[in-house]
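Participant: Below is the sequence, then the predicted model.
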Amino acid sequence: MLLATLLLASSVAGAQGHGPLQTRLAEIREINRFVPERALPMLLKIEQEARAGSVEDKGEMLAQLCGAYHALSQIDKALAACDELIALGRGSGNNAALAKGLVRKSYIMYAQNELALSHNLTWEAERLANTTNDIELRVRVGVNAAQAFSEDGNFPRALEKMQATLAYAREHGGAIHQAIVLNALANLYSHMREYDKGFETLAEAFEVAKKADSPGRMAQLKSTEYRLAVNVGQMGRALAAQMAALELQRKIGAHSLVTYSLINLADGYLKMRDYRKASAYAQQAIAAAQALNDNAALATARINLGQAYLATGRLAEGKASFEAGLAEYERNGDKPELQGVLLEYGEALERAGDYAAAIKAYHRERTLSNELFEKRRQKAMLELQEKYDADKKQRQIELLERENQVKSAEIDNRRLQQRIWALLIVVFALVSVIVGLLYRKVRHANAQLHEKNQELKQQSVRDPLTGLYNRRHFQDFMRTHQLLDKRGAGTSGEEMVSALFLMDVDHFKHINDTYGHAAGDAVLIRIAASLREILRETDMIVRWGGEEFLAFLPAIPRSGLDEVARRLLSGIAETHIVHQDITLTANVSIGFAPYPLAPAGQPLPWERAVNLVDMALYMAKGHGRNRAYGVRGFAGFDQTSMEEIEQNLEQAWRAGFVDMSIVTAGWQELKAAG
């Protein structure tokens, strides 16, 4: 270990010396991977020399500048270096420089949650890199291309890419190149849940890393061992591996990696319920992140500390730490990550017994989920509109070209008329044929345009994933929907009402994190199909947002609401979803109520009725999930008001102001009051 540390120190000294520029850049590259705060001053020192050198040297210097700035969270400077490198590659026709710029920019886009753009940049970089003899570049880009397929859920393609890159590294590269690919392959096996193969690959990677004499690579492999061991429940092995990684990182001064190792240790001890050690490592991680001004790490460390405090009953401190971490995520603008943390917050509060705070956290998570869902829907609509506009523009171009052809034909006809009068009849006949063809084609184009307009109109009221109605269509429907003054009675003489059912898929984030977003989409599609089977054709089913569904039943006996809730719970729980040879099941929590709700004889607007149903849904989540809470009526308005009830539905229920029913898939409990 001392030898490895001395070798890194030797690399630093060589990089700061006066050897060939290419040699110094190669030495700085390995330092940059683990200690970017040391590499950046070295790069700035040789920047002018590299700019005056060859395209290859200038390109490598810009690539490393981009990487160092990105690692140190100086995003604007990182993007500027990447864009300059891309311009250099395009201007000089140098595919290696262009590929380096594209792949570096893909890292930044990935960190900003622009996955589609990141993947496209990576695959374009791979195409260019494979035209070069740059071993370092081809290995790194090959790994990134495989990881992009993995992030898309295409594991067979990812594995094929990774194994091809490993074969190339073994044939052409050195020990470090092989260690890079083997580490990435071990992580891929972990994502595929083939943990035995992951450990076998990691064992080979350790042997290769020893030959490379790189403490940084060894630390990286130890961190991978931590993740694999956590996945198979070997927490002792996991923590030992992360401690070994931490020791190596501290020896080489990799402060950023030290911070994330401390975060992993805090998380590991949380999993083992050793909250004292979890708190200690979380506090160390907070101090390390503050020293580096790493807001992302700081936010995660504070979340870990908040979980440890909540688990030990220190509710006020736990909430304060959690809220500080959430504030960091909000400042960073990482809304998808913020949504996941809010869900963890709600679950931690639920375990701590603070149900009121847990419901508030779930409400915040649901609001953010709906916002992200709406943004994704708007993005899909914009893409569809752009495609439609492009098709329309292309048709206009084709029509203009045909019109020009007609004009040209008419000019030729006039010339021919002057020269050969005898051929006039033939020419007119030919023109008539052309005009007829054009007329038919224009009519066909107009028919296609009408079809596209109808398709666009359909897309505006339907969710593109499930085919259900979307939220906007439901809102438009409710604005014009007129209830009958008096509901007619059914055949049994019972009162007929309308009803609202709001459903949320339980533990949906766990499905996405474990099996990938493609599996999550498959679950949503199958649940949508189940809802069509369970409910009637006259019932309106809406994808309300994210993993939330709403059903509006226009006419149902008042006494039948609980039975519908039971059918929904049982029917969805019995649904089997097959995705990539994996069979999944899912449950939902439900809030429901008759419509209209009329406290003290005054009907509530539909928006307030949906809000009450949403609050009932979160009571179902807060009290165990896979159940339904229904609002049946109200009482005691001489002691309370509708506004107070809407502030805290559960408290109003327990005080006897709200009549509710509780339904599960197997049994029903009716309560007039809490």
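Facilitator: In hand now; what should we look at?
Participant: can I assume V497 sits in a strand?
Facilitator: Yes. Counting by DSSP: H, G, I helix; E, B strand; the rest coil, V497 is found in a strand.
Participant: and the nearest residue to it once chain neighbours are set aside, helix, strand or coil?
Facilitator: Spatially, and ignoring its direct neighbours in sequence, V497 is nearest to P594 (4.3 Å; Cβ to Cβ, 6 or more residues apart in numbering). C-betas here are computed from N, CA, C, even on glycine. Here P594 is recorded as strand under three-state DSSP.
Participant: Could you report the neighbour count for P594?
Facilitator: 22 (other Cβ atoms under 10 Å).
Participant: Which positions in the helix or strand where A146 lies come out as buried?
Facilitator: Per DSSP states H and E, A146 falls inside helix 135-151. Buried positions in helix 135-151, judged by neighbour count with 16 or more other Cβ atoms under 10 Å: 136-151.
Participant: picking that back up, partner residues bridging the residue nearest to V497?
Facilitator: Beta bridges link P594 to A499 when assigned by DSSP bridges.
Participant: pLDDT value on it, please?
Facilitator: pLDDT recorded at P594 is 95.
Participant: so it makes contact with G560?
Facilitator: No. Counting by Cβ atoms under 8 Å, P594 sits too far from G560 to count as a contact (10.2 Å).
Participant: So for the strand or helix carrying S570, what gets flagged as buried?
Facilitator: Using DSSP H and E, S570 sits in helix 561-573. Buried residues in helix 561-573, counted by 16+ other Cβ under 10 Å: L561, D562, V564, A565, R566, L568, L569, G571, I572, A573.
Participant: could you pull out the strands for the stretch 551-674 of the chain?
Facilitator: With DSSP state E, counting those that start in this stretch, the ranges of strands along the stretch 551-674 of the chain come out as 577-579, 582-584, 588-595, 627-634, 658-664, 668-671.
Participant: what lines up beside the second one in the sheet?
Facilitator: By that I understand strand 582-584. By DSSP bridges, strand 582-584 pairs with strand 577-579 (antiparallel).
Participant: List the contacts of the strand it pairs with.
Facilitator: Under the contact criterion Cβ atoms under 8 Å, 6 or more residues apart in numbering, strand 577-579 has outside partners Y515, A518, A519, A522, V523, R526, T583, L584, T585, A586.
Participant: repeat that with 10 Å
Facilitator: The contact list for strand 577-579 (Cβ atoms under 10 Å, 6 or more residues apart in numbering) reads 153, 511, 515-516, 518-527, 529-530, 583-586.
Participant: what comes up buried for it?
Facilitator: Within strand 577-579, the residues scored as buried using 16+ other Cβ under 10 Å are I577, H579.
Participant: How about stretch 221-231?
Facilitator: Those would be L221, K222, S223, T224, E225, Y226, R227, L228, A229, V230, for stretch 221-231 by 16+ other Cβ under 10 Å.
Participant: Render the CA-only coordinates of the helix or strand where the fourth one lies in CSV, please.
Facilitator: Using DSSP H and E, the element containing T224 is helix 215-231. This file holds the C-alpha atoms of helix 215-231, laid out as CSV (Å, rounded to 0.1, in the frame of the first residue of the first chain):
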residue,chain,number,x,y,z
PRO,A,215,-4.5,2.8,-5.0
GLY,A,216,-7.3,4.9,-6.6
ARG,A,217,-8.4,2.0,-8.7
MET,A,218,-8.3,-0.3,-5.7
ALA,A,219,-10.4,2.1,-3.7
GLN,A,220,-12.9,2.2,-6.6
LEU,A,221,-13.2,-1.6,-6.6
LYS,A,222,-13.7,-1.7,-2.9
SER,A,223,-16.6,0.7,-3.2
THR,A,224,-18.1,-1.6,-5.9
GLU,A,225,-17.6,-4.5,-3.5
TYR,A,226,-19.6,-2.5,-0.9
ARG,A,227,-22.5,-2.1,-3.3
LEU,A,228,-22.6,-5.8,-4.3
ALA,A,229,-22.4,-6.9,-0.7
VAL,A,230,-25.2,-4.6,0.3
ASN,A,231,-27.4,-6.1,-2.5
